[in-house]
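Trainee: Quick one: sequence and predicted model below, then my questions.
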Amino acid sequence: MALVASTRHVVLVVIDAAVWAAWSAACGYVSHRLPASTLSREGPLRLRAAERDGGVYERLLRIKVWKDALPEAGSLFRGGFSKRHLRRHDREYLEQFRVETRRAEWTHWAILALSPVFFAWNPWWLALAMLGYGVAANVPCLLVQRYNRARLERALRRPPVGVRAASP
């Protein structure tokens, strides 16, 4: 009996892994196809006052220590945008980078939204494990996107090089 139960559980985990992989790829592809204009608005992904400068992520989460260890799949699809490194500092590029952080954040929220579905066919403890996996795999990525966007917005608030700020 124990062998049947463990074999069944292994099959469920394989199915769960396939569902996670397929859903993640589908969310990534759909997000990749979203027009930048859809993602250029603040909307529900807007930064809150406490995160505006990114300091909360640095002080409380020590994000600079671990963020580079996460995978970066922005350029997975043709024409994608890698967010691994800041390649330029001009306003147009920084604006595009900000849009791409929203795209990545939307993708990870969409992937995470699948978590409750695992309760449909898994025993409760395995469904909870899948929920835990969804949180562990996506929340760090969400935090990094929000942190990067806060830093980008801070850079975009600065006057362009060669333009003097108005004196009070």
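Mentor: Received, thanks. In this text the structure is predicted, and so the values were computed from the model without any measurement.
Trainee: Identify the spatial nearest neighbour of residue 67, chain neighbours not counted.
Mentor: residue 144 (4.8 Å; Cβ to Cβ, 6 or more residues apart in numbering). Heads up, the C-betas are built off the backbone N, CA and C, glycines and all.
Trainee: Distance of the one you found relative to residue 79?
Mentor: 22 Å (Cβ to Cβ, to the nearest Å).
Trainee: the more surrounded of these two?
Mentor: The neighbour comparison of residue 144 against residue 79 (other Cβ atoms under 10 Å) goes to residue 144, with 23 against 7.
Trainee: which SSE is that one in?
Mentor: helix 124-157 (DSSP states H and E).
Trainee: Could you pull out the buried residues of that helix?
Mentor: Neighbour-count burial for helix 124-157, counted by 16 or more other Cβ atoms under 10 Å, picks out 126-127, 130-131, 134, 137-138, 140-153.
Trainee: got it, and stretch 77-89?
Mentor: Buried residues in stretch 77-89, counted by 16+ other Cβ under 10 Å: 81, 83.
Trainee: same thing with stretch 92-112?
Mentor: Those would be 94, 97-112, for stretch 92-112 by 16+ other Cβ under 10 Å.
Trainee: what helices or strands is the helix-or-strand element of the chain with minimal mean pLDDT leaning on?
Mentor: Taking mean pLDDT, DSSP states H and E as the measure, the chain has helix 36-39 as its least confident helix or strand, at a mean of 87. Contacts defined by 3 or more Cβ pairs under 8 Å, 6 or more residues apart in numbering; DSSP states H and E place helix 36-39 against helix 91-112.
Trainee: Please work out which residues outside the helix it packs on touch it.
Mentor: 20, 23-24, 27-28, 30-32, 34, 36, 39-40, 45, 74, 81, 83, 86-88, 134-135, 137-139, 141-142, 145-146, 148-149, 152-153, 155-156, 160 (Cβ atoms under 8 Å, 6 or more residues apart in numbering).
Trainee: how far away is residue 36 from residue 133?
Mentor: In terms of Cβ to Cβ, residue 36 sits 31 Å off from residue 133.
Trainee: and what of residue 72?
Mentor: 20 Å.
Trainee: for residue 124, same thing?
Mentor: Note on residue 124: its distance to residue 133, by Cβ to Cβ, is 15 Å.
Trainee: again with residue 82
Mentor: 25 Å.
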